[in-house]
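> Any chance you could fold what I've pasted below:
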Amino acid sequence: MKIEKFLPSAILMPFVREFIIIESDLDTDSKPLPDTAMVMTFQYRGKVSRMEGEKKGTLPAMAMAGLRMSARHFYYAKGTANLLILFTEGGMNAFSRMPAHELFEEHVPSENLFLSTHLDEILERLAEAGTNRDRIDVVEKFLLDKLHNCKADLLIAQHRRARSRESVGVAGGKRSATRSALHGGE
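Below you'll find the model as predicted:
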C-alpha cells in the first residue's frame, strides 16, 4: 500500500488539514484510528469495502465520513486508489451547510452534500489525471468552487487579529501602542 500526503493551498488551509492518496497494489486491510477530522473520499479506481464483523459492505465511490469514536475496518481490493480530503475541525462548514453533528459516526454518499453530476465529473477527472499532484489540483479546484462560508469566517479572524494589534498597554511605566492603533486602525 502506497500512501502519499499533500498539504492544501494557502486559501484552503483554514478548512483542509491535508489530502491523502492511498494506492493498493494488493488486497489490503486498513484500520484507521478515530480522528478529529471529517473525511471526504473519492475512489477513482478499484473498490473499498467496510468490514463489520464478518460482513463486508461496499462503500460508495464518493463518500463523507463524520467524526467517530471507534476504529473502522476497511478492505482495499487489489488495484484500488482512493483520495481522501481531511478537513480541519469545522472546515467542512465552508463547503456544505449540513451540520457536522448529523454525520457523527456516519459514512454517507457525497451526493447527500453535493450534486452528483459535479461529483461524477470530479471522479472521472481523478481517474484520468496523470499524476497525484494533478489529482490534488482537481479536488482543490472542486473545493474552491464550493467554498461559500469562508468569507464571514475569514473576516471574523481578520477582525480579531486587527483588534489584538490595536491594543494599547503599559510596559515598564511607558505607554506603548502598535502601529495600526497609532495610525487610526479600525
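> Phi and psi next, for the nearest residue to Phe95 once chain neighbours are set aside.
Counting by C-beta to C-beta, 6 or more residues apart in numbering, the nearest residue to Phe95 once its immediate chain neighbours are dropped is Lys146, at 4.5 Å. From N, CA and C alone the C-beta is placed, and that goes for glycine too. Geometry field for Lys146 lists phi and psi as phi -90, psi -10, criterion degrees, to the nearest 10.
> is it true that Lys146 touches Met92?
No: taking C-beta atoms under 8 Å as the contact criterion, Lys146 and Met92 are not neighbours in contact, 10.3 Å apart.
> For Ser96, give its distance to Phe15.
In this view, Ser96 and Phe15 are 11 Å apart by C-beta to C-beta, to the nearest Å.
> shaky segments in the chain?
Per-residue confidence of the chain (counting by pLDDT under 70) places the weak regions at 32-36, 66-71, 73, 97-116, 149-186.
> in it, which spans are strands?
Taking DSSP state E to define them, one finds strands in the chain at 2-6, 16-24, 28-30, 39-45, 48-52, 55-58, 62-65, 73-76, 80-87, 107-109, 168-171, 174-177.
> Check which helices and strands the first one sits against.
What it means is strand 2-6. When contacts are defined as 3 or more C-beta pairs under 8 Å, 6 or more residues apart in numbering; DSSP states H and E, strand 2-6 packs onto strand 16-24, helix 132-146.
> Show me how the protein divides into domains.
Domains of the chain are assigned by automatic domain parsing as 2-148, 153-182.
> Setting aside sequence neighbours, what's the nearest residue to Met92?
Excluding the flanking residues, the one nearest Met92 by C-beta to C-beta, 6+ apart is Met38, at 4.8 Å.
> circling back: JSON lines for the helices and strands packed on strand 2-6, including distance to Ser49 and mean neighbour count?
Shown next, in JSON lines, are the helices and strands packed on strand 2-6 (distance: least, C-beta to C-beta, whole Å; neighbours: other C-beta atoms under 10 Å):
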{"stretch": "strand 16-24", "distance to Ser49": "12", "mean neighbour count": "20"}
{"stretch": "helix 132-146", "distance to Ser49": "22", "mean neighbour count": "17"}
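> Lovely, talk soon.
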